[in-house]
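Student: My questions concern the predicted model and sequence given below.
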Amino acid sequence: MFSFVSRLSATASMAFVALALPVMAHAQTLAQTPVDLIIRDARVVDVKTEQVAPDRAVIISSDTIIAVMADADVAGAYSAPETVDVDGRWVMPGLWDNHVHFGGAGFEEENADLMQLYVLNGITGVRDAAGDLAQTVLDWRASPPRAIGPNLFTSGPKIEGIAPVWKGVIETGSEADVDAALDRLQALGVDFVKITDSTLKPELFLYTVREAKKRGMKTSGHIPMSLTVLEAAEAGLSTIEHLNYLMKAGSTDEAGISADYLAGKYSYAQTMARYAQTFDPEVALRVYRRLAELGVMASPTQHGSSTLAWLDRDDHSHDPELAYIGPGIRGTYGWRVERAAQATPEMVEARHFVEATTLKTFPLLREAGVRILAGTDAGFLNSFNYPGFSLHSELELYVANGLSPREALEASVINGPALLGKSDRFGAVAEGKAADLIVLDADPLVDVANTRRINTVVRAGRILDRAALDALDADIRARVRAHEADAAAKAAN
């Protein structure tokens with residue numbers, strides 16, 4: 001009797017389980033949260049900690065990451081119309097180029113095409129540091145000119161003195177002018193203030209920095225020769241653009257050499273050589289430590305400077321990247337090339353010396369704790385400094401001169417958002433962050449050049465696999481050919 005009841009109970013139990021299984025499976029399906037995109041079998045790169053988490057899934061809803069979890073747990077938790085298995089590839093935040101330029105009146109369409117070129121190179125954020133298309137760029141920020149492009153942050157028109165060499169600026173000759181300029185920039189909702197030194201009086205440079213800081217605005221600039229780097233930093237400058245200013249700050253006679261230049265005793269090139277000749281690592285380290293205390297970031301834009309320094313050895317006429325740059329923008333490269341070609345052998349040697357000395361600042365900045373802000377100066381006027389492509393070269397240069405791959409990546413994807421107060425949204429592959437990602441075929445923490453090995457880009461939740469990126473590549477080059485045809489037709493008429 002016991003045996004019979006036991007067998008009956010077992011049979012009934014098995015029947016119950018058989019009946020229940022479809023119900024449980026259905027309940028599990030109902031429990032899944034619908035999302036837009038799931039990236040599976042990813043190695044997630046944490047740039048801040050230098051850790052790589054394998055076997056992860058990145059869950060995306062609209063333009064936001066809502067979860068990063070064990071890949072094995074995805075099926076029971078989320079469903080999506082699009083699931084992409086990246087086969088163990090490395091997933092990290094999209095790159096940021098934190099110093100670019102859009103410019104060249106009449107070449108708006110060519111500049112608009114650069115937006116696609118940035119994404120093609122895995123760059124999902126750019127900081128425009130002013131050109132002569134300021135209002136156009138502000139319009140693009142609100143209404144992007146192409147179907148795909150990076151997050152765009154801009155200074156709008158930069159603040160200058162009266163009758164400067166630069167076009168499209170706000171001219172200021174008094175404190176009242178500066179106040180009006182800052183009012184205008186605030187009304188435009190710019191992301192930061194760019195200040196340059198073509199004709200701006202040094203006292204107005206410092207006034208602009210101080211007043212902008214009072215208003216809670218970040219400032220970026222070229223420091224007038226009549227001011228030391230520390231004077232500008234103490235006034236509240238947020239970022240120092242271009243590494244040559246940091247080299248200048250390491251001179252044992254920064255103020256005296258600047259005074260000689262202002263008195264007309266030496267040319268600009270001769271003055272830079274004098275700074276390099278008097279560069280002292282101990283002096284530089286003292287200045288850099290103070291910059292770190294003040295929280296001033298440094299944007300080297302060094303790849304472009306290195307390119308110009310060595311134009312005597314490479315005229316770049318065979319660069320494959322030229323196929324991606326419109327003829328109008330290419331035409332703006334000429335003035336720097338012509339100037340470099342006029343240099344005597346002695347001037348070329350001095351140029352190389354200044355470049356080599358400038359590169360010595362990298363390990364010192366690292367030791368002092370100054371935060372590097374990866375930027376390229378790419379865009380119009382800056383010869384052979386190709387938008388998109390040049391950021392990879394910039395990061396490689398950082399590593400070649402003393403930074404680790406992790407530090408170079410941090411300079412791009414973490415420090416860029418931090419400068420603009422956007423760290424809550426960008427800088428990591430994590431819940432709540434923007435779905436701006438790149439999928440790489442190799443580990444960028446081992447070799448930063450692996451940022452070039454792009455398999456897939458995710459921009460605002462939209463996925464571009466290798467086939468889509470190849471189509472984008474072809475579209476950009478086709479647009480350039482169309483611009484060339486238009487230019488030829490106009491020249492013929």
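Tutor: Everything's here; your move. Since the structure is predicted, the reported quantities are computational estimates derived from the model, not experimental observations.

Student: wait, H101 sits on N385?
Tutor: No. Because the distance of 9.4 Å does not satisfy C-beta atoms under 8 Å, H101 is recorded as not touching N385. (Glycine included, C-beta is placed from N, CA and C.)

Student: Run through the helices of the stretch 151-300 of the chain in chain order.
Tutor: Listed in chain order, the helices of the stretch 151-300 of the chain (DSSP state H, counting those that start in this stretch) span residues 175-188, 202-214, 229-235, 243-248, 254-262, 268-277, 281-294.

Student: which stretch among these comes nearest A374?
Tutor: Distance to A374, taken as C-beta to C-beta, is lowest for helix 243-248 among the helices of the stretch 151-300 of the chain, at 11.9 Å.

Student: Let me know the average pLDDT across that closest one.
Tutor: Rounded to a whole number, the mean pLDDT of helix 243-248 is 97.

Student: For that helix, name the packing helices and strands.
Tutor: Applying 3 or more C-beta pairs under 8 Å, 6 or more residues apart in numbering; DSSP states H and E, one finds that helix 243-248 contacts helix 229-235, helix 268-277, helix 281-294, helix 302-309, helix 345-359, helix 361-368.

Student: Show me what counts as buried in the longest one.
Tutor: Buried residues in helix 345-359, defined by neighbour count with 16 or more other C-beta atoms under 10 Å: 347-348, 350-351, 354-355, 357-359.

Student: if we can go back for a sec, deepest of the helices and strands packed on helix 243-248, which one?
Tutor: Using mean count of other C-beta atoms under 10 Å, the stretch among the helices and strands packed on helix 243-248 with the greatest mean number of neighbours is helix 302-309 (a mean of 22).

Student: Let's check: the centremost residue of this protein is which one?
Tutor: Of all residues in the chain, the one closest to the mean position by C-alpha atoms, centre = their mean is D97, 1.3 Å from it.

Student: you'd agree that residue is up against T124?
Tutor: No. The criterion here is C-beta under 8 Å, and D97 misses it with T124 at 9.8 Å.

Student: Tell me what A298 is bridged to.
Tutor: In this entry, A298 is beta-bridged to I240, I372, by DSSP bridges.

Student: What pLDDT is listed against it?
Tutor: 98.

Student: what sits against it?
Tutor: For A298, the residues meeting the contact criterion (C-beta atoms under 8 Å, 6 or more residues apart in numbering) are 239-240, 243, 246, 291, 365, 370-373.

Student: just those now: which is nearest D319?
Tutor: Using C-beta to C-beta as the measure, the one of these that approaches D319 most closely is L243, at 22.8 Å.

Student: How many neighbouring residues does the nearest residue to that closest one once chain neighbours are set aside have?
Tutor: Closest residue to L243 apart from its sequence neighbours, by C-beta to C-beta, 6 or more residues apart in numbering: P300 at 4.1 Å. Burial of P300, expressed as a neighbour count using other C-beta atoms under 10 Å, amounts to 32.

Student: what separates P300 from V480, distance-wise?
Tutor: If you measure P300 against V480 using C-beta to C-beta, to the nearest Å, the figure is 28 Å.

Student: I'd like to know which elements the strand or helix carrying the residue nearest to the centre of the chain is packed against.
Tutor: In this structure, D97 is located in strand 95-101 according to DSSP states H and E. When contacts are defined as 3+ C-beta pairs under 8 Å, 6+ apart, strand 95-101 sits against strand 123-128, strand 378-379, helix 389-400, helix 405-413, helix 415-419.

Student: so after that strand, what's the next helix or strand?
Tutor: The first helix or strand that comes after strand 95-101 along the chain, using DSSP H and E, is helix 108-120.

Student: Thought E171 was touching I162, still the case?
Tutor: Yes. Contact criterion C-beta under 8 Å: I162 and E171 qualify, at 5.2 Å.

Student: Might you list the low-confidence residue ranges for this structure?
Tutor: Within the chain, the ranges that satisfy pLDDT under 70 run 1-30.

Student: Residues in a beta bridge with the closest residue to R89 other than its chain neighbours, which ones?
Tutor: Spatial nearest neighbour of R89, excluding adjacent residues (C-beta to C-beta, 6+ apart): V439 at 5.1 Å. With DSSP bridges as the criterion, the beta-bridge partners of V439 are V91, T456.

Student: mind checking how far V439 is from V44?
Tutor: V439 is 11 Å from V44, where distance means C-beta to C-beta.

Student: More neighbours: which of those two?
Tutor: Summary of the neighbour comparison: V439 and V44, criterion other C-beta under 10 Å, with V439 having more neighbours (26 against 21).

Student: tell me the contacts of the more buried one?
Tutor: Counting by C-beta under 8 Å, 6+ apart, V439 touches 39, 42, 86, 89-91, 454-458.

Student: and for V439 and V44, which residues touch both?
Tutor: Jointly contacting V439 and V44 under the rule C-beta under 8 Å, 6+ apart are V91.

Student: quick one on the thing from earlier: will you turn the helices and strands packed on helix 243-248 into a markdown table that also has distance to M217?
Tutor: Shown next, in a markdown table, are the helices and strands packed on helix 243-248 (distance: least, C-beta to C-beta, whole Å):
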| stretch | distance to M217 |
| --- | --- |
| helix 229-235 | 13 |
| helix 268-277 | 30 |
| helix 281-294 | 16 |
| helix 302-309 | 26 |
| helix 345-359 | 29 |
| helix 361-368 | 25 |
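
Student: Nearest to K201, out of these?
Tutor: Taking C-beta to C-beta as the criterion, helix 229-235 is the member of the helices and strands packed on helix 243-248 that comes nearest to K201, at 13.6 Å.

Student: Lovely, talk soon.
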